[in-house]
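In: Give me a 3D structure for the following:
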Amino acid sequence: MRLRAPLFGLTVMSTSVSALAQMSMPDIDPAALDMRDPFKRPLVADAPTTAPMGVLERFPVEEFKMVGAITGTGRVRAILLDPDGKTHLVSEK
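Out: Numbers count the residues shown, from 1 in each chain. Predicted coordinates for the structure are as follows:
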């Protein structure tokens, strides 16, 4: 059954539930099932506890405060203040 929307000239298809049940669904690519959901945080494997921690790894990211940024040098750098009051200059690799 076709219905015509009066405002925009759209054609809407109406299909019964039994007709939908008889429709064949396309095969899903198995590789697509292995992809990460972009709306969820990625799972990070726990680091071994015996690995020495760096100075920046002692605190959770949420406890750092960004106090400045350095741009124009080809690589953006940030100046972070840790909970102990020490500053750190960080950048992407």
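In: Do you have the helices of this protein handy? List them.
Out: Shown for the chain, the helices assigned by DSSP state H span residues 17-22, 30-33.
In: In this protein, where is pLDDT below threshold?
Out: The chain contains residues with pLDDT under 70 at 1-26, 45-52.
In: quick one, what contacts the nearest residue to Ser91 once chain neighbours are set aside?
Out: Once flanking residues are discounted, Ser91 sits nearest to Arg77: 4.3 Å by C-beta to C-beta, 6 or more residues apart in numbering. Any C-beta I mention is one placed from the backbone N, CA and C, and that applies to glycine too. Going by C-beta atoms under 8 Å, 6 or more residues apart in numbering, Arg77 touches 69-70, 89-91.
In: Restricted to strands, list the residues you listed.
Out: In this view, the contacts of Arg77 that belong to strands under DSSP state E are 69-70, 89-91.
In: quick one: which of those is nearest to Asp37?
Out: Asp37 has its nearest neighbour among those in Val90, at 28.2 Å by C-beta to C-beta.
In: In contact with the closest one, which residues?
Out: 56, 77-78, 80.
In: Give the bridge partners for it, please.
Out: Counting by DSSP bridges, Val90 is bridged to Ala78.
In: Compute the distance between it and Gly74, please.
Out: Applying C-beta to C-beta, to the nearest Å, the value for Val90 to Gly74 is 16 Å.
In: thinking Ser91 is in contact with Ile79, fair?
Out: No - at 10.5 Å, Ser91 does not count as touching Ile79 under the criterion of C-beta atoms under 8 Å.
In: Between those two, which is the more surrounded one?
Out: The neighbour comparison of Ser91 against Ile79 (other C-beta atoms under 10 Å) goes to Ile79, with 14 against 10.
In: Leu43 versus the more buried one, what's the distance?
Out: In terms of C-beta to C-beta, Ile79 sits 30 Å off from Leu43.
In: Repeat that for Ala78.
Out: 26 Å.
In: quick one: which of these two has more around it?
Out: Shown here are Ala78 and Leu43; by other C-beta under 10 Å, Ala78 has more neighbours (15 against 6).
In: Going by residue numbers, what spans are strands in this structure?
Out: Under DSSP E, the chain gives strands at 2-4, 11-13, 65-70, 77-81, 87-91.
In: Good, wrapping up.
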